[in-house]
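> missing the sequence, but the structure's below:
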């Protein structure tokens, strides 16, 4: 049976109507369609651009738990996930019509003992990084995830994992295999090498400075700041008392991150919404991340766009257009009015199926 939804669209706030036939959107009226939503706001399915389906607070999870994570995201209106590194294979999820679409980055790539145990592929010799990147480019869906910096216990502070030269070769290898590259980066030191090597995106980015912002603009580098995860920095610092330099650094990054990321936004660096769900952040919190983005200077419409239509454009995914998959979210109240509304959709439609 054909379905029909009507309301107001964003960002234009103009009246819209969509008919859904065989799981796709039609802009042409369909006789006999059942109206399942009217008199509210209709937007494309939300996007979490940094989400780990397959990771829990204790590390890797089993497939059943990963399904529950994906279902939690769907209930929150997230119908497209950029999974920024997962130790389990979720490609079988593509055969299910009840789970969000996932754009995968394969598995994290890190140096041995320089990231969370159980999550990355460890590269003992950095000269092997380009080969490892090429392999993950083939395993993912157009993205590769590097760990750009992490605590070096010998130094007692955050430090880069890779030399500048090998980053050039590695990122070139990804691009040659049709993939973009992103990297986890908390501190300052790793950023110039990654950006000058042509990386496509930075995750977290708490160490950006005016010089780095200029580099990002020159290279077209995007930023996914994961603000609600950065709120965990003070607790991380508290648990790292045996590394006082690192602990002080994490506290300083936390104290300055919103002004730094706000400066990047003001300068024109593209910013997209990602929660970093799966470890220290629970799944289903995209509304909180959108709200946090308004705290660094984005308008309510811009912040929602960073988790919706703008993020979809960046990831190459369709929005609400004729012939596109019927992935949409409906709200009786304006979803820009706050997380209490955005976090509780009145209707979620995935592949034309109503939830």
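Yep, it's here. Here the structure is a predicted model, which means the values were calculated and not measured.

> Now do the buried residues in stretch 222-238.
By 16 or more other CB atoms under 10 Å, the buried positions in stretch 222-238 come out as 222-230, 232-233, 236-237. Heads up, the C-betas are built off the backbone N, CA and C, glycines and all.

> could you give the mean pLDDT of it?
Taken as a whole, stretch 222-238 carries a mean pLDDT of 98.

> and the end-to-end length of it?
Start-to-end span of stretch 222-238 (CA to CA, to the nearest Å) is 30 Å.

> Next: stretch 265-279.
End-to-end distance (CA to CA), stretch 265-279: 26 Å.

> could you pull out the strands for the stretch 1-150 of the chain?
Ranges of strands in the stretch 1-150 of the chain, per DSSP state E, counting those that start in this stretch, are 3-9, 15-21, 24-26, 34-37, 41-44, 46-51, 55-56, 59-60, 78-83, 101-104, 109-111, 121-123, 143-147, 149-152.

> quick one, what contacts the residue lying closest to residue 311 once chain neighbours are set aside?
Once flanking residues are discounted, residue 311 sits nearest to residue 47: 4.0 Å by CB to CB, 6 or more residues apart in numbering. Residues in contact with residue 47 (CB atoms under 8 Å, 6 or more residues apart in numbering) are 78-82, 272-273, 286, 307-308, 311-312, 315, 317.

> tell me the pLDDT at residue 47?
99.

> so what's it bridging to?
Note on residue 47: beta-bridge partners residue 80, judged by DSSP bridges.

> State the distance from it to residue 304.
11 Å (CB to CB, to the nearest Å).

> Also residue 265?
15 Å.

> now do residue 286
10 Å.

> cool, and residue 278?
From residue 278 to residue 304 the distance is 23 Å (CB to CB).

> and this structure, what are its domains?
3-43+319-354, 46-315 (the TED database).

> Just say which of those domains is most tucked in.
Across the domains of the chain, averaging neighbours per residue (mean count of other CB atoms under 10 Å) puts domain 46-315 on top, at a mean of 20.

> now do the same end-to-end measure for that one.
End-to-end for domain 46-315, by CA to CA: 12 Å.

> Residue 112 contacts residue 123, doesn't it?
Yes. Counting by CB atoms under 8 Å, residue 112 touches residue 123, with 7.5 Å between them.

> Give me the distance between residue 163 and residue 129.
For residue 163, the distance to residue 129 - CB to CB - is 9 Å.

> need the longest helix for this protein.
helix 244-267 (DSSP state H).

> Please work out the average pLDDT along that one.
98.

> List of residues touching that helix?
Contacts for helix 244-267 (CB under 8 Å, 6+ apart): 151, 156-158, 186-187, 205-210, 213-214, 216-217, 223, 225, 227, 230-231, 233-234, 236-238, 240-241, 271, 295-298.

> quick one: which of those residues sit in strands?
Of these, the ones assigned to strands by DSSP state E are 151, 157, 158, 223.

> ok now do the third one, which residues does it touch?
Residue 158 sits next to 149, 150, 151, 152, 186, 187, 189, 190, 246, 249 when contact means CB under 8 Å, 6+ apart.

> do residue 272 as well
So residue 272 contacts 47, 49, 222, 223, 224, 306, 307, 310, 311, 314 (CB under 8 Å, 6+ apart).

> same check, this time on residue 322
25, 26, 27, 28.

> from the residues you listed, which is closest to residue 34?
Residue 34 has its nearest neighbour among the contacts of residue 322 in residue 26, at 13.9 Å by CB to CB.

> For residue 328, see how far away the nearest residue to that closest one once chain neighbours are set aside is.
Spatial nearest neighbour of residue 26, excluding adjacent residues (CB to CB, 6+ apart): residue 19 at 4.3 Å. Distance of residue 19 to residue 328, given as CB to CB: 12 Å.

> Find residues that contact each of those two.
Shared contacts of residue 19 and residue 328, counting by CB under 8 Å, 6+ apart, come down to residue 25.

> before we move on, back to that, which of the buried residues of stretch 222-238 sits closest to residue 169?
Relative to residue 169, the closest of these is residue 222; by CB to CB it sits at 21.8 Å.
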